[in-house]
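[1] Give me a model of this one.
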Amino acid sequence: MKWASLLTWAKRPDADAPSPLPAFRAGRWIRVRALSMAAILAVLFALLIHRAWVLQIREAERLKQMAEDQYLQAVEIPPKRGRILDRHGVELAASAEVDSVHANGRLLVAQGRVEDTSRALAPALHVEVKELEKRLRERRYFTWLKRRVSPEEARAVRELALPGVAIDREPRRWYPQRTLAGTLVGWAGLDSVGQEGLELVYDRDLRGARAQVPGLRDALGRAVLTGGLGDIGDTAGHDLHTSIDRFIQYRLERALEKGVATHRAKGGVAVALDPKTGEILAMASLPTVDPNQPNQKGGARNKAVTDPFEPGSTIKTFSILSALEPGLVRRDESWYCENGRWQVGPATIHDAERIGTVTTTQVLAESSNICTAKIAFRAGKERLREMLVRFGFGKPSGIDLPGERAGNIRALPRMGPVETATTSFGQGMTATPLQVAAAYATVANGGVWVKPHVMRRISDGAGVIEREAQREERRVISPELAKTMRGMLRAVALEGTAKNLVLPGYSFAGKTGTAQKVDPVTRHYSTDKWASSFVGFAPAEDPRIVLFVMIDEPAGTHYGSQVAGPVWQETMIDALRWLGVPTDQPISAKDEKALDGKSPSPPVAAAAKPAPTPVAPPESGFVATDEEGAGEVPDFVGMSLAEAAAAARRANLRLEIAGSGVVISQSPGPGEPRARTCRLHLSPPG
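    Okay, the predicted model is just below:
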């Protein structure tokens with residue numbers, strides 16, 4: 001039956017029509033394939049969009065930088081460092097444009113000219129051939145070959161005209177005063193970064209910001225298009241105006257050099273400051289350093305702040321104050337000094353000379369160790385130590401100079417009778433020269449301690465003041481007690497250990513110091529190594545200057561009045577006259593004659609200074625010399641105009657004058673090869 005029905009159906013006219021079931025399956029497969037292709041295309045499109053987002057948005061900056069690295073070469077230009085000026089505007093540090101040689105190492109390697117270029121440049125730059133080859137084979141677009149070259153080296157490179165080698169200008173630090181205040185000013189390194197002294201402390205103000213100049217280059221690094229420097233004025237550093245008086249600094253250094261040489265000493269250090277303001281007028285340390293050649297052998301420390309020493313008898317002032325303040329002793333009280341020898345526990349204290357019975361004032365004037373120790377015992381070790389701390393010993397002053405040390409005072413538990421006695425006359429404790437000067441400035445200033453500082457103000461290139469020094473002070477003793485001590489220190493100058501010193505026309509007060517040094521080998525006090533010092537101020541009743549001088553390890557005599565005293569005296573005479581300080585004592589005919597020929601005394605009320613003619617620093621930091629000339633430039637500093645003119649005539653020099661008064665700086669400097677013209681900067685006191 002089934003077969004018959006099947007045959008009947010097969011004979012129907014539409015027997016060839018497709019079966020409904022296969023038709024349904026074919027249509028579904030087409031839709032699946034279409035949807036699959038659509039999904040694949042959608043995924044691919046999504047991936048394309050994601051990739052485009054990655055390239056155009058997420059990684060855009062990185063890829064842009066990578067691309068620019070292929071054709072842009074950013075050359076970093078060191079900023080023009082700000083100047084360091086003395087209180088009269090004389091440059092202690094400046095910047096001049098100099099030549100530096102660089103090369104395109106990648107180009108030279110690609111062209112196979114590294115060896116030839118190195119051999120040609122080596123004699124011109126005075127650099128080893130192998131060193132130049134090493135630098136060029138680093139395949140950099142920009143490689144310094146030698147920076148801050150001399151004019152002769154730059155001329156030789158230009159004459160070679162080597163492809164891939166170029167010369168550009170960059171600032172070089174220049175110190176026109178050479179060794180003057182060298183340890184104080186410090187120096188800046190090759191990339192205009194402060195390394196020592198004021199250059200280090202005020203580096204951020206002086207340095208400014210670095211500028212980058214882009215240049216367009218091809219695949220081999222060859223310049224295709226370069227732009228100019230543009231306006232990089234905003235990157236320049238600020239000027240530092242200091243409290244240093246260039247004239248006083250000069251006089252102090254010369255007198256200190258003379259004192260060290262006379263006594264064949266190891267070195268010397270001195271500090272001059274204004275007791276009313278705390279401004280450092282001069283600070284000298286020997287051996288010194290030329291900041292133009294900071295790597296030369298010699299001392300580079302500013303010992304006035306970095307090297308504590310045992311101050312010796314200069315501390316007796318404060319030991320006596322510790323007993324005077326609470327009324328435990330009187331100025332006219334009598335003391336027996338044991339005829340120069342006194343036993344304290346296991347130790348024996350000596351005086352330099354045998355002294356009998358004296359008053360408290362005479363104890364200070366005659367500088368008795370024994371009676372000072374007796375006064376300290378009456379005050380007690382607590383009051384003694386507390387008075388020293390109040391005057392700034394045992395802690396940094398906070399001056400704006402690097403490397404300041406605190407010094408050391410024994411802790412109370414370690415101060416037995418012997419230690420109390422030795423501390424009272426400045427042995428067994430340490431202090432820096434600056435601390436001693438600042439402590440005596442406190443007495444000179446009516447009992448008010450003023451924080452010492454060097455910076456007066458900082459200004460931009462247009463002269464706009466950015467920052468000024470802030471006065472910091474504290475009262476240490478009463479004005480009455482300070483006046484009493486000034487009178488006692490005056491007795492030191494009139495009838496005591498400093499009676500051999502004279503300031504014609506001026507009264508002064510001060511204290512000698514002669515301290516034994518510890519032998520580093522035996523670790524006991526040496527019998528032939530001394531630190532000889534003198535500290536004083538003038539005029540005695542209205543002090544304008546406090547000056548501390550110390551000569552380290554003099555040969556022969558070692559007393560402070562005979563070794564450090566003459567240096568102090570010579571400097572103070574010149575400084576007081578330079579500042580126009582009115583005299584308060586009559587001047588004898590003998591003293592008047594002795595002063596003839598010395599630097600003239602500027603008027604007390606000086607006229608307004610004429611604006612000096614601007615003198616640009618010499619290019620490349622070198623003084624252009626007269627090739628036909630012979631000899632050296634004289635030292636004009638400290639001379640009047642008439643004296644300078646006479647010296648110039650003898651040296652066959654033409655002078656260019658700026659200002660009036662006394663010569664405070666010159667260019668070319670003393671001792672340099674003679675030039676056709678020497679520029680002198682004169683200035684009255686300010």
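[2] What is the distance between the biggest helix by length in the chain and the centre of its chain?
    Of all the elements of type helix in the chain, the one with the most residues (DSSP state H) is helix 20-53. Put simply, helix 20-53 sits 78 Å off its chain's centre (CA atoms, centre = their mean, to the nearest Å).
[3] Can you point out the buried residues in it?
    Buried positions in helix 20-53, judged by neighbour count with 16 or more other CB atoms under 10 Å: none. From N, CA and C alone the C-beta is placed, and that goes for glycine too.
[4] hey, what's the closest residue to K374 other than its chain neighbours bridged with?
    With sequence-adjacent residues excluded and distances taken as CB to CB, 6 or more residues apart in numbering, K374 is closest to W335, at 6.0 Å. Taking DSSP bridges, one finds V358 as the beta-bridge partners of W335.
[5] so W335 touches C371, yeah?
    Yes: the pair W335 and C371 qualifies as a contact (CB atoms under 8 Å) at a distance of 4.3 Å.
[6] okay, those two: which has more neighbours?
    When W335 is set against C371 and neighbours are counted by other CB atoms under 10 Å, the residue ahead is C371, at 30 against 21.
[7] what helices or strands is the host helix or strand of that one leaning on?
    Here C371 is covered by helix 369-379, with elements defined by DSSP states H and E. Helices and strands touching helix 369-379, as assessed by 3 or more CB pairs under 8 Å, 6 or more residues apart in numbering; DSSP states H and E, comprise helix 316-324, strand 334-336, strand 341-344, strand 347-350, helix 360-366, helix 417-424.
[8] again, 10 Å this time
    Helix 369-379 is packed against helix 316-324, strand 334-336, strand 341-344, strand 347-350, strand 357-359, helix 360-366, helix 381-390, helix 417-424, with contacts defined by 3 or more CB pairs under 10 Å, 6 or more residues apart in numbering; DSSP states H and E.
[9] before we move on, back to that, shared neighbours of W335 and C371, which are they?
    Taking CB atoms under 10 Å, 6 or more residues apart in numbering as the contact rule, the neighbours common to W335 and C371 are 355, 357-360, 362-363.
[10] Can you check the residues you listed and name whichever has the most neighbours?
    When neighbours are counted by other CB under 10 Å, V363 leads the shared contacts of W335 and C371 with 27 neighbours.
[11] about what we covered before: now the angle from the helix holding C371 to helix 316-324?
    With axes from the mean of the first three to the mean of the last three CA atoms, to 10 degrees as the basis, helix 369-379 and helix 316-324 are set at 30 degrees to each other.
[12] export helix 369-379 as CSV, just CAs?
    Presented in CSV, the C-alpha positions along helix 369-379 are these (Å, rounded to 0.1, in the frame of the first residue of the first chain):
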residue,chain,number,x,y,z
ASN,A,369,94.3,83.0,84.1
ILE,A,370,94.5,82.4,87.8
CYS,A,371,92.2,85.3,88.9
THR,A,372,89.8,84.6,86.1
ALA,A,373,89.4,81.1,87.3
LYS,A,374,88.8,82.4,90.9
ILE,A,375,86.1,84.7,89.5
ALA,A,376,84.5,81.8,87.6
PHE,A,377,84.5,79.7,90.8
ARG,A,378,82.6,82.4,92.6
ALA,A,379,80.1,82.6,89.7
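[13] Buried by neighbour count: which residues of it qualify?
    369-377, 379.
[14] repeat for stretch 500-510
    For stretch 500-510, a neighbour-count test (16+ other CB under 10 Å) marks 501-510 as buried.
[15] Could you do stretch 392-409 as well?
    Residues of stretch 392-409 classed as buried: 392-394, 397, 399-402, 404, 406-407, 409 (neighbour count, 16+ other CB under 10 Å).
[16] Let me see the mean pLDDT of it.
    Taken as a whole, stretch 392-409 carries a mean pLDDT of 95.
[17] Make CSV out of the helices and strands packed on helix 369-379 and add distance to R155.
    Putting the helices and strands packed on helix 369-379 into CSV (distance: least, CB to CB, whole Å) gives the following:
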stretch, distance to R155
helix 316-324, 62
strand 334-336, 76
strand 341-344, 74
strand 347-350, 69
strand 357-359, 74
helix 360-366, 66
helix 381-390, 62
helix 417-424, 64
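[18] Select, out of the ones you listed, the one closest to E468.
    Each of the helices and strands packed on helix 369-379 was scored for nearness to E468 using CB to CB, and the closest is helix 381-390 (27.8 Å).
[19] Format the CA atom coordinates belonging to that closest one as CSV.
    Backbone C-alpha positions of helix 381-390 (Å, rounded to 0.1, in the frame of the first residue of the first chain) are rendered in CSV as follows:
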residue,chain,number,x,y,z
LYS,A,381,80.0,76.5,86.5
GLU,A,382,76.2,76.8,85.8
ARG,A,383,76.4,80.6,85.4
LEU,A,384,79.6,80.4,83.5
ARG,A,385,78.3,77.9,81.0
GLU,A,386,74.9,79.7,80.7
MET,A,387,76.6,83.0,79.9
LEU,A,388,78.7,81.5,77.2
VAL,A,389,75.7,79.9,75.6
ARG,A,390,73.8,83.2,75.7
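[20] before we move on, the earlier item: and the buried residues of stretch 392-409, which two are furthest apart?
    Considering CB to CB, no two members of the buried residues of stretch 392-409 lie farther apart than D400 and I409, which are separated by 24.0 Å.
[21] list the contacts for the spatially closest residue to D290 that is not a sequence neighbour?
    Taking CB to CB, 6+ apart as the measure, D290 lies nearest to T179, with 4.8 Å between them; neighbours along the chain are not counted. By CB under 10 Å, 6+ apart, the contact list for T179 reads 253, 257, 286-293, 298, 669.
[22] So for T179, what's the pLDDT?
    As summarised for this prediction, T179 has a pLDDT of 89.
[23] separation between it and E672?
    As defined by CB to CB, to the nearest Å, T179 lies at a distance of 13 Å from E672.
[24] Now do the helices in the stretch 451-600 of the chain.
    479-495, 560-563, 565-578, 589-595 (DSSP state H, counting those that start in this stretch).
[25] what's the least confident stretch among these?
    Per-segment mean pLDDT for the helices of the stretch 451-600 of the chain reaches its minimum on helix 589-595, at a mean of 63.
[26] So which bits of the helix or strand that it is followed by are buried?
    Sequence-wise, the next helix or strand downstream of helix 589-595 (DSSP H and E) is helix 641-651. Residues of helix 641-651 classed as buried: 641, 643-645, 647-648 (neighbour count, 16+ other CB under 10 Å).
[27] what do you get for stretch 276-290?
    Of the residues in stretch 276-290, those buried by neighbour count under the rule 16+ other CB under 10 Å are 276-289.
[28] How about stretch 431-447?
    Neighbour counts using 16+ other CB under 10 Å place 431-447 of stretch 431-447 among the buried residues.
[29] okay, and for this protein, where does confidence drop off?
    Within the chain, the segments meeting pLDDT under 70 span 1-26, 65-79, 209-235, 296-299, 590-631, 642, 659-661, 674-675, 683-686.
[30] per-domain residue ranges of it.
    The record, using automatic domain parsing to delimit domains, assigns the chain the ranges 30-72, 91-176, 246-595, 619-683.
[31] Distance to L198 added to the ones you listed, as a markdown table?
    Output for the domains of the chain, formatted as a markdown table (distance: least, CB to CB, whole Å):
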| stretch | distance to L198 |
| --- | --- |
| domain 30-72 | 38 |
| domain 91-176 | 8 |
| domain 246-595 | 7 |
| domain 619-683 | 17 |
